[in-house]
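Q: Just the structure for this:
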Amino acid sequence: MPRLLVKKREEIISEYVARKNKLKIFIGSKKGNDIVIPDKNVSEHHCTIIFANNQYTLKDQNTIMGTQINFRSITEAPLNFGDEISIGDYKIMFLDDALSKQDVVIPQYYLIGVYGRFFGKKFFLKSDGDTFIGRESLSPRGIENDVVLSGDMTVSKGHAKISAVQGQYTITDIGSTGGVAINGEKLGQLNSTQLAIGDEISIGRTIFRLVDYFSEDYSLPSKQHILALKIFKFMRVFVTLLVLVGAALSIYLGYTSYSLITSSPNKLNLSLDLDWSKEIPLKADTSSYEITSTPIVADLDNDGKNDIAMLTSSGFLYAWSGATGDRMWKPVEVYNSGIASLVCDDVNNDNVPDIVAVSDSSLIYIIDGQTGNIIRREILGGHISETTPVICDLDGDGRKDIVVTSEDGAVHFMYAPGFDSNYAKYSEFIDGPIYASPVILTRKDFSPFVVIANYDSKVYFIDGKTRTKKTINLQELTGKPHLVAGAPAVGDLNGDGIDEVVVMSNVPQYVSAINTSKFSAMWTYFIEPVPPANLKFNASPVIADFTGNGMCDVGVVSANGTVQILKGNTTYLSGEMLWKLALPESKRLISSPAVYDFDKDNIPELVFGTEDGRLIVAKSNVKRKEVEVMADIKASNLAITSTPVLADLNGDKLIEILYTNMQDSIQIVNTNAKILKNLRVWPMFLANPEHTSTFSLKDYKLKSIELMGIGLVLLLLFFFFKIRSSLKKSKKKVKVTYL
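A: Below you'll find the model as predicted:
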């Protein structure tokens, strides 16, 4: 098969390979020819190469300019491998397309640009005689340059020549200013050296490589001692590895995270952790009890692992490592009877979680979680020890604020208590008594509202920045007395993007939903006229999508031993119960439940403790329209009195359930439900420092998907730029066309 190189001087413009069955090759300036040479001196149909009787023949098509073979004008003449066809200013080398070096009839050596201004350019080297290289067509001595590197002012007009003698090539610097370098070594003016295949020749701003037909290699130069080139090669490899490793790591972490989040056990198993232990004096008198302080789980020492803090009824604050049970620091005496729960947040913006606790002596404590040191201790006034504070940036200054309520109706606002220079304290007063902890309601384009329900049917909405009040009287709106003794719940019940507030009264037991955009009652559901006595406080309701229909519902546990799911968006003013679970053998359900989707079906379960020491996971069965027990374990010999806390405590990627009983004994139940390492899904009373949200895996799923997406995008971008770069380079290279 013949191979035809179209040249201008010795620069190869295009390359063609004729297949065996190609009997005629048409050459001209008009489109439609096999070889198109866009030149005014080339006729539309200039000449034809004909293959017949095992011989190639070149025939001129009666052109004005004529056709030459080896500088001899012809009308029709035999064409042999190695012949050079001249058409106008162009030449066509007629060569054999050999399969191996042994089959080559005419030696074929080239200079190819592998770096710099003339990257991709390909120049034919004469197999006999000299090939001159320079910046212009003629050198100062009047010698015609075969390789013209125009536009590069670092190339001399007559720069170098490559001489071929009996198959050996020698390069000579013919007096250039910039010089010639072979494999990084300067040649020197008027000096010569022999070349070998693969040698790299630096002329001006371009590095060429000497190749033959079988060794074309456009890879970056490897023999030049150019610092910038070495840095570029290193950076290219480094960036490539960085992108590929980053993409692979991103995909791996995203996939493993998503697998953990979406994996669910065939059956949820609970087992009491008998190995985890701690030193704590137990409450001696258990003849009477109430809801007790909920422990907190946080990375208190910033070591990437979860830790546990607890306030006992004897008034001491303890902290332990979640993994080992070792005490972290000396217990802090807070003087609290152990009813109000702890809250945890970074109050002073030092990236270390701080613990907030209230005391029986009207003191509030802000304690550094890492060291146990007291950041602030201040007297507020009133009986503040039985309601849990909230932490939130109320005024939008980037610093966390604290709100504490007292039983007699004082509401204490502490702005930036972690900063001495910005600290400010104000007290507002509402009608008491207050037995319910405050919660935070956030609204778009508004400052957060502090929501407080009292024991006299009133719910107060206090602007966190201005402290202006809006009061809702539920008895006036519903005709029912609401003696609220549990923190409200906050969530979007009707899907309008604005959170509603749900309160649950103690005696009688009503659950009411408040529309916060209209400050009106949506519905009021009646649970029990007179629940069991001897409980000052009642559990708080929780808001979550318990039906899987995308709308939030309300879950409540009652002191009468029932668990009920109420429809959040109902048209019935009297409310609507979806389904109910009765646990009469458990007697009273005392503390607020936690919420988590153990089986990953997008319908969360309720986790709660009972008076007879059982820890229960209850699930909404949508098909059967009932609440059923998903898991049940005898976890304590005494009443479980705190809200369960859910987290991976020991870094085993499994959820543990932490709780306390009426004796202040802190215990852990292990589960076989997988979760991200050290993730806290319900780490404190009502889930977070603002007492507002139900934990959702949706955000973590999205983050996992985003992580995988980032990895895939990195890979796609990498291959896109790799292909784009290759295409750019290939466009600069001489195109080979098969005829």
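Q: Give me the phi and psi for Ile705.
A: With angles defined as degrees, to the nearest 10, Ile705 shows backbone torsions of phi -60, psi -40.
Q: Now do it: how many residues are near it, please.
A: Other residues near Ile705 come to 14 when the count uses other CB atoms under 10 Å. To be clear about C-beta, it is placed using only N, CA and C from the backbone, and glycine gets the same treatment.
Q: How about Asn62?
A: Around Asn62 there are 11 residues (other CB under 10 Å).
Q: Show me the helices in this protein, by range?
A: In the chain, the segments counted as helices under DSSP state H are 227-262, 474-478, 698-732.
Q: Can you tell me which of the ones you listed is most buried?
A: Ranked by mean neighbour count under mean count of other CB atoms under 10 Å, the helices of the chain are led by helix 474-478, which reaches a mean of 16.
Q: on contacts alone, who are the packing partners of that one?
A: strand 509-515, strand 520-528 (3 or more CB pairs under 8 Å, 6 or more residues apart in numbering; DSSP states H and E).
Q: Go again with 7 Å.
A: If you count contacts as 3 or more CB pairs under 7 Å, 6 or more residues apart in numbering; DSSP states H and E, helix 474-478 packs onto strand 520-528.
Q: ok, Leu4 - contacts?
A: Tyr16, Ile35, Ile92, Met93, Phe94 (CB atoms under 7 Å, 6 or more residues apart in numbering).
Q: before we move on, the earlier item: and of the helices of the chain, who's closest to Val451?
A: Between Val451 and those, the shortest separation by CB to CB is 12.8 Å, and it involves helix 474-478.
Q: before we move on, the earlier item: could you export the helices of the chain as JSON lines, including mean pLDDT?
A: Supplementary listing: the helices of the chain in JSON lines, determined by pLDDT from 0 to 100:
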{"stretch": "helix 227-262", "mean pLDDT": "85"}
{"stretch": "helix 474-478", "mean pLDDT": "95"}
{"stretch": "helix 698-732", "mean pLDDT": "84"}
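Q: now these in CSV, with distance to Ile434?
A: Compiled in CSV, the helices of the chain are given as follows (distance: least, CB to CB, whole Å):
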stretch, distance to Ile434
helix 227-262, 39
helix 474-478, 15
helix 698-732, 33
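Q: Name the residue closest to the centre of this structure, please.
A: A centroid search over the chain (CA atoms, centre = their mean) returns Leu707, at 3.6 Å, as the residue closest to the centre.
Q: Please report how far the nearest residue to that residue once chain neighbours are set aside lies from Glu706.
A: In space, not counting the residues next to it along the chain, Leu707 is nearest to Gly254; the distance is 3.2 Å by CB to CB, 6 or more residues apart in numbering. As judged by CB to CB, to the nearest Å, Gly254 and Glu706 stand 7 Å apart.
Q: who touches Gly568 in this structure?
A: By CB under 7 Å, 6+ apart, Gly568 lies in contact with Leu493, Ile543, Met551, Cys552, Asp553, Val554.
Q: Let me know the pLDDT of the third one.
A: Turning to Met551, the model gives it a pLDDT of 93.
Q: List the residues that contact it.
A: Taking CB under 7 Å, 6+ apart, we find Met551 in contact with Gly495, Asp545, Gly568, Asn569.
Q: State the mean pLDDT of stretch 455-463.
A: Confidence over stretch 455-463, taken as the mean pLDDT, stands at 96.
Q: Measure how far that stretch is from the centre of its chain, please.
A: Remark: stretch 455-463 is offset 41 Å from the chain centroid, using CA atoms, centre = their mean, to the nearest Å.
Q: Also stretch 493-501?
A: For stretch 493-501, the gap between its own C-alpha mean and the chain's C-alpha mean amounts to 29 Å (CA atoms, centre = their mean).
Q: now do stretch 331-350
A: Counting by CA atoms, centre = their mean, stretch 331-350 is centred 33 Å from the centre of its parent chain.
Q: how about that stretch: buried residues?
A: Neighbour counts over stretch 331-350 (16 or more other CB atoms under 10 Å) mark 331-332, 334-348 as buried.
Q: quick one: Thr177 and Gln189, what's the gap?
A: Computed with CB to CB, the distance linking Thr177 and Gln189 is 9 Å.
Q: circling back to that earlier point, want to throw the contacts of Gly568 into JSON lines with distance to Gln108?
A: Output for the contacts of Gly568, formatted as JSON lines (distance: CB to CB, whole Å):
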{"residue": "Leu493", "distance to Gln108": "81"}
{"residue": "Ile543", "distance to Gln108": "80"}
{"residue": "Met551", "distance to Gln108": "77"}
{"residue": "Cys552", "distance to Gln108": "77"}
{"residue": "Asp553", "distance to Gln108": "81"}
{"residue": "Val554", "distance to Gln108": "85"}
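Q: For Arg614, state which of the residues you listed is nearest.
A: The shortest distance between Arg614 and any of these, using CB to CB, involves Val554 and amounts to 23.1 Å.
Q: count of neighbours near the closest one?
A: Val554 is surrounded by 28 other residues when neighbours are defined as other CB under 10 Å.
Q: for it, which residues make a bridge with it?
A: Here Val554 sits in beta bridges with Ile543, Leu566, going by DSSP bridges.
Q: Who are the contact partners of it?
A: The neighbours of Val554, taking CB under 7 Å, 6+ apart as the test, are Ala489, Val502, Val511, Pro541, Ile543, Leu566, Gly568.
Q: could I get those residues as a markdown table with pLDDT?
A: Rendered in a markdown table, the data for the contacts of Val554 read as follows (pLDDT from 0 to 100):
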| residue | pLDDT |
| --- | --- |
| Ala489 | 97 |
| Val502 | 97 |
| Val511 | 96 |
| Pro541 | 96 |
| Ile543 | 96 |
| Leu566 | 96 |
| Gly568 | 95 |
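Q: May I ask which of these has the most neighbours?
A: Ala489 (31 neighbours).
Q: mind checking how far it is from Met504?
A: Plainly put, Ala489 is 8 Å away from Met504 if you go by CB to CB.
Q: Common neighbours of those two, please.
A: Residues touching both Ala489 and Met504 (CB under 7 Å, 6+ apart): Ser540, Pro541.
Q: Just the pLDDT for Gly491.
A: The predicted local distance difference test score for Gly491 is 95.
Q: er, Ala559 actually
A: Predicted confidence (pLDDT) for Ala559: 85.
Q: Equivalent analysis for Val36, please.
A: The model reports Val36 with a pLDDT of 91.
Q: what about this protein, any weak spots by pLDDT?
A: Along the chain, the model assigns pLDDT under 70 to residues 98-106, 228, 230, 284, 530-533, 586-587.
Q: Neighbours of Leu390, how many?
A: Not Leu; residue 390 is Val. Counted with other CB under 10 Å, the neighbours of Val390 add up to 30.
Q: is it true that it touches Val403?
A: Yes. Contact status for Val390 versus Val403: in contact at 5.1 Å, counting by CB atoms under 7 Å.
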